[in-house]
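**Student:** Let me see the structure of the following:
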Amino acid sequence: MKIAIVHDYLNQAGGAERVVGTLHTMFPAAPIFTTILDRSSLWDVLRDADIRTSWMQKLPLLKRHFKAYLLFYPGAIERFDLREYDLVISSSSAFGKAAITRPGAIHICYCHTPMRFVWDYERYMEREQYGSPVRAVLIPVLKRFRAWDVKTATRPSLYVANSTVVADRIKRFYNRDSIIVPPPVAVQRFTPIDHAEDFYLIVSRLNPYKRVDLVVKAFNDNGRKLVIIGDGPDRAVLEKMSRPNITFLGRLPDPEVAGYYARCKALLFPGDEDFGIVPLEANAAGRPVIAFKAGGALDTVIDGKTGIFFSELTPESLSAAVLRSEQTTWDSVAIREHAEDYAEPRFRERFMRIVEDMVEKKHGAAGVKSLREALGAVAATA
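**Tutor:** Numbering: from 1, shown residues only. Next comes the predicted model:
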């Protein structure tokens, strides 16, 4: 059985790319088809992968201006020749799900979210800080994208959603059902310790939509110590508005970040994310999370056991949640056990079960045997 992986683009190292890395370890002989590639941004697990790029890779100034080529991505995905593959696994938050497979092939789409920029237009424009002229130009373009997105929504044989909120979007926008499988979390990178230190933590890109400004305002008022790890376009503004109890550390190596997770009183997660791996990383270090009650956090945070929710995007609501967290007795062992249910082995197990079920429905027990033999042969030669 021949297998291929398709991903929107590999020019950044985010949560979606971590999923691709795990898929690569599960199907190491499968080539990865992607529109564009920046090898300097790859997670280590992908550095030995057979990555095949589209014609877009030759476009000028691609590294800095990849968003300017928005109109080209659909055609680039559709031009991949996948006719020789029996099973195609796409990892998609925009274009990958539209890959064209041969008749009779199985196409499983792991959907991080349907296209944000067409289905959540206003929030996306705010998030990217586009001005009125750009918005005016994009409106007719995005109408075409929406039509294309709906048209190509029938191409996958099955959708796998990363969270309940994404499964709801898939049903609402594509009229397709999906199976929920949370993305893998590198739980093994984190080690709980016995006692927390006197500071709260944010680990985040410093973009406006992450709502770090809300946390800064709350901690300016309550005077508690706050450590912010991460960088981004909003950093200068946030530093200017912060009082001395708030410390900005910028980007740090993973081992240092893991140490801060383990020592903090709690992680603050004020954004509305499709899933959000950061809260589970804090849980893997045995620490609770104070999260805005929306998005993927609804799936991963158990109020009063692994964290605390706040329901309004106001400094007052967040500070009340901080106070409630301080009044709660936390069990770091139970918090760690919760995170372990999202560890990479659990993702592998859940996703492989889906793959085998789809293969069995299509090709019977002989198909499953062929799949296992193909994977076994790769493992034997590794």
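**Student:** Against L323, how distant is A339?
**Tutor:** Distance of A339 to L323, given as CB to CB, to the nearest Å: 24 Å. In this view, the C-beta of every residue, glycine as well, is placed from N, C-alpha and C.
**Student:** With A29 instead?
**Tutor:** For A29, the distance to L323 - CB to CB - is 53 Å.
**Student:** higher neighbour count, those two?
**Tutor:** A29 (16 against 13; other CB atoms under 10 Å).
**Student:** my hunch is that the more buried one is in a strand, does that hold up?
**Tutor:** No - read with DSSP: H, G, I helix; E, B strand; the rest coil, A29 is coil and lies in no strand.
**Student:** Distance check, it against P156.
**Tutor:** With CB to CB as the criterion, A29 and P156 are 22 Å apart.
**Student:** Give me the three-state assignment for the closest residue to G232 other than its chain neighbours.
**Tutor:** In this structure, G232 finds its nearest non-sequential neighbour in L206, 3.3 Å apart by CB to CB, 6 or more residues apart in numbering. Using three-state DSSP, the secondary structure recorded for L206 is coil.
**Student:** Please name the residues that touch L206.
**Tutor:** With contacts defined as CB atoms under 8 Å, 6 or more residues apart in numbering, the neighbours of L206 are 212, 228, 230-235, 238.
**Student:** Next step: those residues restricted to helices.
**Tutor:** Those of these mapping onto helices are 212, 235, 238, per DSSP state H.
**Student:** most surrounded residue in those residues?
**Tutor:** V212 (26 neighbours).
**Student:** And the strands in this protein, which stretches?
**Tutor:** Ranges of strands within the chain are 3-7, 32-34, 51-53, 87-92, 106-111, 158-161, 178-180, 200-203, 226-229, 246-250, 267-269, 289-292, 307-310, based on DSSP state E.
**Student:** what would those look like in a markdown table with mean neighbour count, mean pLDDT and distance to A68?
**Tutor:** Shown next, in a markdown table, are these (neighbours: other CB atoms under 10 Å; pLDDT from 0 to 100; distance: least, CB to CB, whole Å):
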| stretch | mean neighbour count | mean pLDDT | distance to A68 |
| --- | --- | --- | --- |
| strand 3-7 | 26 | 97 | 20 |
| strand 32-34 | 25 | 98 | 18 |
| strand 51-53 | 17 | 97 | 18 |
| strand 87-92 | 26 | 97 | 21 |
| strand 106-111 | 24 | 98 | 25 |
| strand 158-161 | 23 | 98 | 30 |
| strand 178-180 | 17 | 97 | 32 |
| strand 200-203 | 24 | 97 | 30 |
| strand 226-229 | 21 | 98 | 30 |
| strand 246-250 | 16 | 96 | 28 |
| strand 267-269 | 28 | 98 | 32 |
| strand 289-292 | 27 | 98 | 32 |
| strand 307-310 | 24 | 97 | 38 |
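**Student:** Including distance to P74, could those strands go into CSV?
**Tutor:** Shown next, in CSV, are the strands of the chain (distance: least, CB to CB, whole Å):
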stretch, distance to P74
strand 3-7, 13
strand 32-34, 14
strand 51-53, 16
strand 87-92, 12
strand 106-111, 15
strand 158-161, 18
strand 178-180, 22
strand 200-203, 34
strand 226-229, 36
strand 246-250, 36
strand 267-269, 33
strand 289-292, 33
strand 307-310, 38
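**Student:** can you tell me which of these comes nearest to F219?
**Tutor:** Checking those against F219 by CB to CB gives strand 226-229 as the closest, at 4.4 Å.
**Student:** Which other helices and strands does that closest one contact?
**Tutor:** Strand 226-229 sits against strand 200-203, helix 212-222, strand 246-250, helix 254-263, with contacts defined as 3 or more CB pairs under 8 Å, 6 or more residues apart in numbering; DSSP states H and E.
**Student:** For F309, list each beta-bridge partner.
**Tutor:** Going by DSSP bridges, F309 is paired in beta bridges with A291.
**Student:** if we can go back for a sec, how near is the residue nearest to G232 to D44?
**Tutor:** Counting by CB to CB - L206 and D44 are separated by 25 Å.
**Student:** got it, and I179?
**Tutor:** From I179 to D44 the distance is 29 Å (CB to CB).
**Student:** Excluding chain neighbours, what is closest to L249?
**Tutor:** Using CB to CB, 6+ apart, the closest residue to L249 is I229 (5.1 Å).
**Student:** For the residue lying closest to E239 once chain neighbours are set aside, list each beta-bridge partner.
**Tutor:** Nearest non-adjacent residue to E239, counting by CB to CB, 6+ apart: F248, 5.6 Å away. Beta-bridge partners for F248, by DSSP bridges, are I228.
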